[in-house]
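> Please work out how this folds:
(one chain, ligands or ions: 1)
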Amino acid sequence: MRKNIVAGNWKMNTTLQEGVALAKEINEALKTTETHCDVIIATPFTHLVSVVNSVEASRIGVGAENCADKAEGAFTGEVSARMVASTGAKYVILGHSERRAYYHETADILKEKVTLALENGLTPIFCVGEVLAEREAEQHFDVVAAQVKDSLFNLTAEDFAKIIIAYEPVWAIGTGKTATADQAQEIHAFIRKTIAEKYGNEIADNTSILYGGSCKPSNAAELFAKPDVDGGLIGGAALKASDFMGIITAF
Ligand code: PGA
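Numbering: from 1, shown residues only. This next block holds a predicted model:
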């Protein structure tokens, strides 16, 4: 059966020292907490090695927030999937709406990134989600289906089975405005159906689909109670150990 997962996305927040302290605080808190989900923290590249070395791998999986769409070479400033994997990180967030919007990451670029991540043994946490105008025009199902198909449906079934999906409506990210649990369930079920049509029911049933967008301790339990919501990708609330733990224990 698919895993329940709570993943933190630190975005461009925390210095190295602050990040290590936060990771240690979460690791300590997890020692004395009964949990019913996997815990992941995705950090800036600069923090990866130190965070990997500051937490117990059995309690926390560490991930990057991005990787390059090229394997290696003359791409100044880029960080490859292989480099990320060499830090001990196991995950990489790809296709976050901030990357799509501000850094012009297209479906084709993301396809390359997903392939390179998988080749290097990283588990992609692949983000999809519509903007407000698309939701208001009732295009959200089409938009999300296209995002899933255009960057992932080239994968073999074996590789697709390694992907974690995060549905993050752009209008809910960092806005304090959360999708209702029913809205999340509706589109998560639709994503799972889209996957089933391509890869079959078994793979669709085993794919973890996380919700992201202003998820916090006060709304996590209601969201996670929905049958197709398998956890959360957490931005703002992942930057405070007590809030992040409050979401983890919502399972
Ligand atoms: P948020 O961000 O929880 O701050 O809304 C979620 C995300 O962008 O992953």
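> Let me know the secondary structure of Val79.
The assignment at Val79 comes out as coil when based on DSSP: H, G, I helix; E, B strand; the rest coil.
> mind listing what it touches?
Neighbouring residues of Val79 by CB atoms under 8 Å, 6 or more residues apart in numbering: Phe45, Ala64, Asn66, Cys67, Ala68. In short, each C-beta sits where N, CA and C put it, glycine included.
> Close to the ligand: what parts of the chain are there?
9, 168, 173-174, 212-215, 233-237 (CB under 6 Å from any ligand atom).
> which of those residues are buried?
Asn9, Glu168, Ile173, Gly212, Gly213, Ser214, Cys215, Leu233, Ile234, Gly235, Gly236, Ala237 (16 or more other CB atoms under 10 Å).
> Please identify which of the residues you listed is nearest to Ala157.
Leu233 (24.1 Å; CB to CB).
> Now do the helices in the stretch 1-150 of the chain.
Ranges of helices in the stretch 1-150 of the chain, per DSSP state H, counting those that start in this stretch, are 16-31, 48-54, 81-86, 97-102, 107-119, 132-136, 140-152.
> Show me what the second one packs onto, helices and strands only.
Contact here means 3 or more CB pairs under 8 Å, 6 or more residues apart in numbering; DSSP states H and E; on that basis helix 48-54 packs against helix 16-31, strand 61-64.
> any idea how far Glu56 is from the closest residue to Ile109 other than its chain neighbours?
Spatial nearest neighbour of Ile109, chain neighbours left out: Asp69 (4.8 Å); criterion: CB to CB, 6 or more residues apart in numbering. Distance, Asp69 to Glu56, by CB to CB, to the nearest Å: 32 Å.
> More neighbours: these two, which one.
Asp69 (21 against 9; other CB atoms under 10 Å).
> what's the spacing between that one and Gly95?
From Asp69 over to Gly95 (counting by CB to CB), the distance is 11 Å.
> Need the overlap of contacts for those two.
By CB under 8 Å, 6+ apart, the residues touching both Asp69 and Gly95 are Leu110, Lys113.
> Just give the nearest non-adjacent residue to the closest residue to the ligand within the stretch 101-250 of the chain, would you?
Nearest residue of the stretch 101-250 of the chain to the ligand: Gly235, at 2.2 Å (CB to the nearest ligand atom). In this structure, Gly235 finds its nearest non-sequential neighbour in Asn9, 5.2 Å apart by CB to CB, 6+ apart.
> contacting residues for Asn206?
Met1, Arg2, Ala161 are the contacts of Asn206 under CB under 8 Å, 6+ apart.
> Repeat the analysis, applying 6 Å as the threshold.
Asn206 makes contact with Arg2 under the criterion CB atoms under 6 Å, 6 or more residues apart in numbering.
> Return the member of the helices of the stretch 1-150 of the chain having the minimum mean pLDDT.
Least confidently modelled of the helices of the stretch 1-150 of the chain is helix 132-136, at a mean of 94 by mean pLDDT.
> still on that earlier bit, turn the helices of the stretch 1-150 of the chain into a markdown table, columns for mean neighbour count.
Listed next are the helices of the stretch 1-150 of the chain as a markdown table, based on neighbours: other CB atoms under 10 Å:
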| stretch | mean neighbour count |
| --- | --- |
| helix 16-31 | 17 |
| helix 48-54 | 19 |
| helix 81-86 | 20 |
| helix 97-102 | 16 |
| helix 107-119 | 20 |
| helix 132-136 | 15 |
| helix 140-152 | 19 |
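> So which of those helices is nearest Ile248?
Closest among those, using CB to CB: helix 16-31, at 7.6 Å.
> Remind me what the closest one packs against, helices and strands.
Helix 16-31 makes packing contacts with helix 48-54, helix 241-248 when contacts are defined by 3 or more CB pairs under 6 Å, 6 or more residues apart in numbering; DSSP states H and E.
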